[in-house]
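Asks: okay, predicted coordinates and the sequence, questions at the end:
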Amino acid sequence: MESIPEKKGSAQEKYHLPRNIWFLTLTSFLTDISSEMLVNLLPIFLYSVLGVRTAFIGIIEGVAEAVASLLKLASGWLSDRSARRKPLVVAGYALSTLAKPFLYLATSWPGVLAVRFSDRLGKGLRTAPRDALVADSVDSGNRGRAFGLHRAGDTAGAVLGLLAALIIVRLSQQGGNLERTTFQRVVLLSIIPSVLAVFVLILGVREAPARRGEPGSKSVIRTTAEERGSRHLGQQRGLRNFIVVLVLFTLGNSSDAFLILRAQTLGLTVTGVLGMMMFFNLVYALLSTPAGVLSDRIGRRKVLFAGWGLYALVYLGFARAERTWQAWALMAVYGMYYGLTEGAVRAYIADLVPATIRGSAYGAMHMAVGVSLLPASLIAGLLWQGIGRWEGWGPAAPFFFGAVMALIAAIGLALFVPEPERAVG
């Protein structure tokens, strides 16, 4: 088991992150090299090669995320009950790795949906136990730092994955439109880092006990039935309110596939889109760890307010954008939004609940957000094509809607979600 620092508040505990954080970060780094080689080409493959309409792209992304999210609650709960987070994390990464090669054979949108569904099932299986394992491995005063580092590693992998995809596209074809054979090459090469990630996880990561001195931290689940009975998700009002706010935000936060398609409407080629997304992920990676440390110092809510404000500005910008350079600039600010919020949200969840239900709390959050992605992506696809009073707004419509929902969520966060007390050092 992961050792606990000898002295609470010591320099070692304050500045040193345990091996679990580093190996989980390396796992995510390798996985995102693989995933980002594919995920940003996938909407282009669907739209340009297979001829799929934007509404169906929204359905593919939304169904894959929503159905897989149902598994996140179950896997988080199971990790609480079994005191073994690692087997679920390994199984999730392995399932996603096994699904990727089948994209090579996909010739229609149902085939892509089947692969995306399997990949997202893997993500659903691993995400809540993995986040709980990160939170279990550090004290609450370093939680933002740990999640920030993990997000930074994840996103640095995305940068390398995008760079690899960009190089493959440039070497494989002459035209600006994606070709099927080029996409198939990317699929084959993406399998290598994905397999390596599973081996790193198996060999490097250990089970970790919850930290002493935190609420509910006697053990992840080694408590009596009476103790477990007193700690239910339904009793966590702050968590419930926070999840509701996140759902409101997510309804306006459709798949990033629409940002990619919007950039293409402004004139970006396939290589231009990959370069733009690489720039976005670089900004995200560089900001994640400092933003996590900042959330440890000034509180999670202030960091989230700043991030959601930037999100609203980005979506308003995409609604009005007319030049390709504007898409690049907006995606850089979008990277700042991600850097500020992704780690802070995960650390916030751990702050709000006892350690004995931490996996279930992450599962509930991820499930609620994931299920919301289906209507969010469907709404975005329909707004893009034009419905009701949005008729005639075209590609700008989903971005105006997203900006409004971000502002509503920020108001909800201010009014209904407390800033929880956190242990220091």
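Replies: Arrived safely. Worth saying up front: this structure is predicted, and the values here are computed from it rather than measured. Residues are numbered from 1 along each chain as shown.
Asks: which residues of the stretch 301-425 of the chain score low on pLDDT?
Replies: 386-393, 420-425 (pLDDT under 70).
Asks: where exactly do the helices run in it?
Replies: For the stretch 301-425 of the chain, the helices defined by DSSP state H, counting those that start in this stretch occupy 324-352, 358-385, 397-416.
Asks: got those helices as TSV, with mean neighbour count and distance to residue 108 columns?
Replies: C-betas here are computed from N, CA, C, even on glycine. Output for the helices of the stretch 301-425 of the chain, formatted as TSV (neighbours: other Cβ atoms under 10 Å; distance: least, Cβ to Cβ, whole Å):
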stretch	mean neighbour count	distance to residue 108
helix 324-352	23	30
helix 358-385	24	18
helix 397-416	19	25
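Asks: quick one: which of those is nearest residue 301?
Replies: Closest approach to residue 301 among those is made by helix 397-416 (6.3 Å; Cβ to Cβ).
Asks: who are the packing partners of the closest one?
Replies: helix 237-251, helix 300-320, helix 358-385 (3 or more Cβ pairs under 8 Å, 6 or more residues apart in numbering; DSSP states H and E).
Asks: now those as CSV including distance to residue 192?
Replies: Below are the helices and strands packed on helix 397-416 laid out as CSV (distance: least, Cβ to Cβ, whole Å):
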stretch, distance to residue 192
helix 237-251, 33
helix 300-320, 33
helix 358-385, 28
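Asks: which of those sits closest to residue 408?
Replies: Residue 408 lies closest to helix 237-251 among the helices and strands packed on helix 397-416, at 5.7 Å (Cβ to Cβ).
Asks: now do the closest one: distance to the chain's middle.
Replies: 16 Å (Cα atoms, centre = their mean, to the nearest Å).
Asks: now the angle from that helix to helix 397-416?
Replies: Interaxial angle, helix 237-251 versus helix 397-416 (axes from the mean of the first three to the mean of the last three Cα atoms, to 10 degrees): 170 degrees.
Asks: C-alpha coordinates for helix 237-251, PDB please?
Replies: The C-alpha coordinates for helix 237-251 follow below in PDB (Å, rounded to 0.1, in the frame of the first residue of the first chain):
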ATOM      1  CA  ARG A 237     -26.500  18.400   0.000                       C
ATOM      2  CA  GLY A 238     -23.400  20.300  -1.200                       C
ATOM      3  CA  LEU A 239     -22.600  17.500  -3.700                       C
ATOM      4  CA  ARG A 240     -26.100  17.300  -5.000                       C
ATOM      5  CA  ASN A 241     -26.200  21.100  -5.600                       C
ATOM      6  CA  PHE A 242     -22.800  21.000  -7.300                       C
ATOM      7  CA  ILE A 243     -23.800  18.200  -9.600                       C
ATOM      8  CA  VAL A 244     -27.000  20.100 -10.600                       C
ATOM      9  CA  VAL A 245     -24.900  23.100 -11.500                       C
ATOM     10  CA  LEU A 246     -22.500  21.000 -13.500                       C
ATOM     11  CA  VAL A 247     -25.500  19.500 -15.400                       C
ATOM     12  CA  LEU A 248     -26.800  23.000 -16.300                       C
ATOM     13  CA  PHE A 249     -23.300  23.900 -17.500                       C
ATOM     14  CA  THR A 250     -23.000  20.700 -19.500                       C
ATOM     15  CA  LEU A 251     -26.300  21.300 -21.400                       C
END
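Asks: ok, residue 34 - contacts?
Replies: By Cβ atoms under 8 Å, 6 or more residues apart in numbering, the residues touching residue 34 are 97, 100, 161, 190-194, 197.
Asks: give me the buried subset of those.
Replies: 97, 100, 161, 190-191, 193-194, 197 (16 or more other Cβ atoms under 10 Å).
Asks: ok so, going back, tell me the one among the contacts of residue 34 nearest to residue 48.
Replies: residue 190 (19.1 Å).
Asks: what bits of the stretch 51-200 of the chain have low per-residue confidence?
Replies: For the stretch 51-200 of the chain (pLDDT under 70), the answer is 52-62, 64-67, 175-176.
Asks: centroid residue for the protein?
Replies: residue 342 (7.0 Å; Cα atoms, centre = their mean).
Asks: which non-adjacent residue is nearest that one?
Replies: residue 151 (4.9 Å; Cβ to Cβ, 6 or more residues apart in numbering).
Asks: check the offset of stretch 166-180 from the chain's centre.
Replies: The chain centre lies 28 Å from the centre of stretch 166-180; the measure is Cα atoms, centre = their mean.
Asks: buried residues in it, which are they?
Replies: Residues of stretch 166-180 classed as buried by neighbour count (16+ other Cβ under 10 Å): 166, 168-169, 173, 178-179.
Asks: just after the helix or strand hosting residue 79, pick out the following helix or strand.
Replies: Here residue 79, judged by DSSP states H and E, is contained in helix 54-82. Scanning forward in sequence from helix 54-82 by DSSP H and E, the next helix or strand is helix 86-99.
Asks: now do that next one: distance to the chain's middle.
Replies: On Cα atoms, centre = their mean, the centre of helix 86-99 falls 16 Å from the chain's centre.
Asks: and stretch 321-341, by the same measure?
Replies: With Cα atoms, centre = their mean, you get 17 Å for stretch 321-341.
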